[in-house]
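Asks: give me a 3D structure for the following:
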Amino acid sequence: MTTTYTSYKLITADLTKSLARVAEQPDVARETAYYLSKIGDVKTIDDFFADTRLYNYAMKAHGLEDMAYAKAFMRKVLTEGVDNEDAFANKLTDNRYKQLVESLNFAAHGAAATSFDRAQKGVAEKYTRQTLEQDAGEENAGVRLALYFSRMAPTINSGYAIIADEAIAQVVRTALQLPDEFAATNVDRQAETYEQALDFKDFQDPTKVAEFLDRFTALWETKNSTDGYDPLAVFGSSSGYGISSDLLLSINSLKLGGN
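Replies: Here you go, the predicted structure:
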């Protein structure tokens with residue numbers, strides 16, 4: 001059986017080629033071709049929500065497919081944009097919502113929002129990367145976590161940023177050899193521990209991120225080789241991954257499932 005470390009290294013040794021293989025998969029190629037052929041015709045948020053196939057593609061591309069059902073919530077995210085610091089997306093701890101707005105910024109650009117490269121090729125590239133990570137996770141959850149962390153590392157700038165994303169936190173806890181129970185301790189204490197143990201500038205350096213993930217993948221293999229723990233739970237909505245308390249409260253205040 002291939003180890004977590006080996007599998008991760010095989011994928012990332014030539015990440016461009018790995019992504020190209022995923023993009024060529026029939027289902028990925030079919031959905032991407034549909035998205036690219038239709039997204040330019042979308043001129044409003046209503047148009048976007050009216051095409052479920054387009055909507056679901058963009059949601060998956062941004063790692064938000066578990067939130068696809070919450071259309072009223074997502075409409076609020078897109079309607080308010082990100083230019084105002086009080087905008088809904090800017091108040092959420094999970095930056096995936098802000099990234100979705102930046103890709104499809106109807107609030108700032110109106111009918112021209114889907115004409116930009118970031119709304120077309122940019123979203124398609126995100127979809128391919130998400131699919132790569134999900135496919136890897138079907139074989140080895142540690143590899144999916146490592147791939148996710150490598151993509152998100154440059155955004156980590158504080159201990160609280162780690163706490164806000166359970167997948168990132170799981171990687172960091174493993175690499176620092178902190179017990180899972182540490183996640184239940186005082187939030188300020190967690191943040192302080194991370195900030196004392198890590199130099200966040202290192203996460204801007206691909207070489208240092210790779211070294212960090214070498215450590216993670218080796219320790220992950222040791223930790224998860226015999227127990228029955230399901231590490232992929234952090235990628236499901238039931239785990240709270242990406243769905244913080246402020247987000248859940250916001251969902252409860254809206255009528256879900258609306259168009």
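
Asks: neighbours of Arg75, how many?
Replies: 17 (other C-beta atoms under 10 Å). For the C-beta atoms, the positions are set from N, CA and C on the backbone; glycine is no exception.

Asks: mind listing what's buried along stretch 32-49?
Replies: Buried positions in stretch 32-49, judged by neighbour count with 16 or more other C-beta atoms under 10 Å: Thr32, Tyr35, Ile39, Val42, Ile45, Asp47, Phe48, Phe49.

Asks: do stretch 96-110 as well
Replies: Neighbour-count burial for stretch 96-110, counted by 16+ other C-beta under 10 Å, picks out Arg96, Tyr97, Lys98, Gln99, Leu100, Val101, Glu102, Ser103, Leu104, Asn105, Phe106, Ala107.

Asks: dump the residues you listed into TSV; add pLDDT and secondary structure as well.
Replies: As requested, the buried residues of stretch 96-110 are exported to TSV (pLDDT from 0 to 100; DSSP: H, G, I helix; E, B strand; the rest coil):
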residue	pLDDT	secondary structure
Arg96	91	helix
Tyr97	95	helix
Lys98	94	helix
Gln99	95	helix
Leu100	98	helix
Val101	98	helix
Glu102	97	helix
Ser103	98	helix
Leu104	98	coil
Asn105	98	coil
Phe106	98	helix
Ala107	97	helix
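
Asks: among these, which one lies nearest to Leu198?
Replies: Using C-beta to C-beta, Arg96 comes nearest to Leu198 of the buried residues of stretch 96-110, at 22.1 Å.

Asks: and the closest one, how far is that from Met67?
Replies: 9 Å (C-beta to C-beta, to the nearest Å).

Asks: which outside residues touch stretch 32-47?
Replies: Identification of contacts with stretch 32-47 by C-beta atoms under 8 Å, 6 or more residues apart in numbering yields 23, 48, 51, 53-54, 57-58, 75, 78-79, 106, 110-111, 114-115, 119-121, 123-124, 127-128, 259.

Asks: just those residues: which are in helices?
Replies: 23, 48, 53-54, 57-58, 75, 78-79, 106, 121, 123-124, 127-128 (DSSP state H).

Asks: quick one on the thing from earlier: select only the buried ones of the contacts of stretch 32-47 in PyMOL?
Replies: Here the buried members of the contacts of stretch 32-47 are turned into a PyMOL selection, burial being counted by 16+ other C-beta under 10 Å:
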select buried, resi 23+48+51+54+57+58+75+78+106+114+119+120+123+124+127+128
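
Asks: just give me the closest of the buried residues of stretch 96-110 to Val28.
Replies: Ser103 (17.9 Å).

Asks: which residues touch that closest one?
Replies: Ala58, Ala61, His62, Arg118, Ala119, Gly122, Val123, Lys126.

Asks: any low-confidence regions in this structure?
Replies: Where the chain drops to pLDDT under 70, the residues are 1, 225-259.

Asks: what sits against the residue nearest to Asp135 when sequence neighbours are not counted?
Replies: Of all residues not flanking Asp135 in the chain, Val22 sits nearest, at 6.8 Å (C-beta to C-beta, 6 or more residues apart in numbering). Going by C-beta under 8 Å, 6+ apart, Val22 touches Val28, Thr128, Thr131, Leu132, Asp135.

Asks: and those residues, which is closest to Ala175?
Replies: Among the contacts of Val22, and counting by C-beta to C-beta, the member closest to Ala175 is Leu132, at 21.8 Å.

Asks: so the closest one touches Leu147, yeah?
Replies: Yes: the pair Leu132 / Leu147 is scored as a contact, 6.9 Å apart, by C-beta atoms under 8 Å.

Asks: between the two, who's got more neighbours?
Replies: Neighbours were tallied for Leu132 and for Leu147 using other C-beta under 10 Å; the higher tally belongs to Leu147 (25 against 22).

Asks: contacts only, for Lys98.
Replies: If you count contacts by C-beta under 8 Å, 6+ apart, Lys98 has them with Val82, Ala89, Asn90, Leu92.

Asks: mutual contacts of Leu132 and Leu147, please.
Replies: Shared contacts of Leu132 and Leu147 (C-beta under 8 Å, 6+ apart): Ile11.
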